[in-house]
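Participant: sequence and predicted structure below; questions after.
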Amino acid sequence: MKNKQSLKLRSAVLLSACVLGFYTVSCSSLHKDKGLPVIGKSVALFDHFNYKGEDDFYVSNPLPSEDSFYNPILPGWYSDPSICTNGEGDYFLATSTFSYFPGVPLFHSKDLVNWKQVSNILNRPSQLMNMKGQHVSGGIFAPAIEYNPHNKTYYMITTNVGAGNFFVKTQDPFGDWSDPIMLPEVTGIDPSFFFDDNGKAYIVNNDDAPDNKPEYSGHRTIRVQEFDVRTDKTVGPRKVLINKGARPADKPIWIEGPHLYKINGRYFLMSAEGGTSNWHSEVIFSGDSPMGTFTPWKNNPILTQRHLDPSRPNPVTCAGHADIIQTKEGDWWAVFLACRPINNKFENLGRETFLMPVKWSEDGFPYMTQDDELVPLIVNRKGVKREKEVTFGNFERNDTFDSTALSLDWMTLRAPAIDLYNLAQTPGYLTLKCANISTTEKDVPAYVCRRIQHHKFECDTRMLFNPFDDKEKAGLLLFKDESHQYFLCVEKVGGTKHISLKWIGESENKTLYSHKIDDEITAIDLKVISRGTHFDFYYSSDQINWKLLCKNIDATYLSTATAGGFTGTTIGLYATCK
């Protein structure tokens, strides 16, 4: 590793010379053995990216046994989880991505505890239509994944806010999925498939109030329509299954995210209700057929934390948008989204994916919580051994950019951005162009990022960059949405090189802190330390000693409580000339 880093640093010196124009011949002709191409101006090279979670809860509460695991199983912004199985011991889980690319990460497990991301279902521009121009909380909503044993095909159905409802399908979930098949007859959002044991199929989803005449804000319906798997089209009439919600007299809001199940010969319709914030919940109905009459359970909701004491330790809030599954062993489990707020006021992680066992009432209804039951932060699944590499708890993710492709957890905004970043141009580095598009625009900036997954974390990178003029900037970006960002960058101010922290807002950008650095410095390390409530920003010009640029920068600025929206905060590498 030391030799590798030395080689990369030596190459960096030569590359910076090329960038500055010290050589009139190309870098590639000088260093063919290193495979280095010509590097012009207006680019930043990133040597590595390190992320380390340091949340207190995991330190103070070690897992008690090898069959125990932490909630959330997918920490950070993995919202709207949906799960399916092929009945042969394979479980697949998908979550929302909104306006990020690629869309809909797909995780696989053999035991519900040990998960690994195996692909992104929407990994081609042809599958993500009209993403440009959409707010970061637009795009892909609430994917629902289901397996049809009658044709041995997996289906993922979802809403693209800019294009409508559609689905993709495959018989190999580890490979590529089809291009979108549009469903123009299915209006509204949050569709999901149900494949009955008689071979028939149905789509249920959230839609407008009857006759498009809502009685109050948030008045919605759940509707159903039959689906022909041979033609990939809906057939027959659309029918309202649920109007308003579980207790219509209470004027419930946002009945959404529905799933249909047939369990022991009985049909169940399960939906989220109450909106995505603190009043979020999950409710259930039973019926005599997929198109029939559905009656709410008397003890709804079957999952919520909305009524609990907000001062309780380690609160879990916003629980809802669930999906349930039966394992090959016969037990039932639920995945759902929830949040872990700081001081019960804000959180930057977004809505996360939780897992807990399903219980059954005496009258045959599934539920996750009743009364004052808590969503557990430590769960065990008897007989399942936790592996060394897991998706939960405190962990590290380190990338040295030695591959020719980004790992699956990296994202860009709205499109692949392959014209803005490159891993092959300078082997061992991620090369990022200074694009004439900024992250304040609803377009495709030069931003390559990943989710933050802990309240407390440390993240650093080494960057090789010589800004050409006062417009060019590159560095580490913390991004909530188009108008809530912090940017730790190298820039020129009046022709002199500076390390700066930028506050990026809705109508203005401000430099919070800036420090002049030597113009000859090409390689610089950047670091962000999150303490949950605040961020500290550091830099190093000698790769050994860290210098504090600023500390105690308010983290609530990047929270959903401040900014709104459906996503969590991402962190990544950003370059711009705008």
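Facilitator: That came through, no problem. Numbers count the residues shown, from 1 in each chain.
Participant: helix or strand right after the least confident helix or strand in the chain by mean pLDDT?
Facilitator: Of all helical and strand segments in the chain, the minimum by mean pLDDT, DSSP states H and E falls on helix 27-30, at a mean of 30. Tracing the chain past helix 27-30, the next element assigned as helix or strand by DSSP states H and E is strand 43-53.
Participant: shouldn't Phe57 be within a helix?
Facilitator: Yes - under DSSP: H, G, I helix; E, B strand; the rest coil, Phe57 falls within a helix.
Participant: just checking, it touches Ile378?
Facilitator: No - look at Phe57 against Ile378 with Cβ atoms under 8 Å: they stay out of range, at 9.4 Å. Using the backbone N, CA and C atoms, a C-beta is placed for each residue, glycine as well.
Participant: what about Thr562, which SS state?
Facilitator: With three-state DSSP as the criterion, Thr562 reads helix.
Participant: next one: Ala417
Facilitator: Classified using three-state DSSP, Ala417 is coil.
Participant: how many neighbours does it have?
Facilitator: Neighbourhood size, Ala417 [other Cβ atoms under 10 Å]: 20.
Participant: ok now do the closest residue to it other than its chain neighbours, which residues does it touch?
Facilitator: Take Ala417 and drop its neighbours on the chain: the residue closest to it by Cβ to Cβ, 6 or more residues apart in numbering is Val444, 5.3 Å away. With contacts defined as Cβ atoms under 8 Å, 6 or more residues apart in numbering, Val444 is in contact with 132, 412-415, 417, 420, 437.
Participant: buried subset of the residues you listed?
Facilitator: 412-415, 417, 420, 437 (16 or more other Cβ atoms under 10 Å).
Participant: turn the residues you listed into JSON lines, including distance to Ser68.
Facilitator: Formatted as JSON lines, the buried ones among the contacts of Val444 follow (distance: Cβ to Cβ, whole Å):
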{"residue": "Thr412", "distance to Ser68": "36"}
{"residue": "Leu413", "distance to Ser68": "37"}
{"residue": "Arg414", "distance to Ser68": "39"}
{"residue": "Ala415", "distance to Ser68": "41"}
{"residue": "Ala417", "distance to Ser68": "40"}
{"residue": "Leu420", "distance to Ser68": "43"}
{"residue": "Ile437", "distance to Ser68": "46"}
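Participant: tabulate those (JSON lines), appending secondary structure, distance to Ile145 and pLDDT.
Facilitator: Shown next, in JSON lines, are those (DSSP: H, G, I helix; E, B strand; the rest coil; distance: Cβ to Cβ, whole Å; pLDDT from 0 to 100):
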{"residue": "Thr412", "secondary structure": "strand", "distance to Ile145": "23", "pLDDT": "98"}
{"residue": "Leu413", "secondary structure": "strand", "distance to Ile145": "24", "pLDDT": "98"}
{"residue": "Arg414", "secondary structure": "coil", "distance to Ile145": "23", "pLDDT": "98"}
{"residue": "Ala415", "secondary structure": "coil", "distance to Ile145": "23", "pLDDT": "97"}
{"residue": "Ala417", "secondary structure": "coil", "distance to Ile145": "26", "pLDDT": "96"}
{"residue": "Leu420", "secondary structure": "coil", "distance to Ile145": "31", "pLDDT": "97"}
{"residue": "Ile437", "secondary structure": "coil", "distance to Ile145": "33", "pLDDT": "96"}
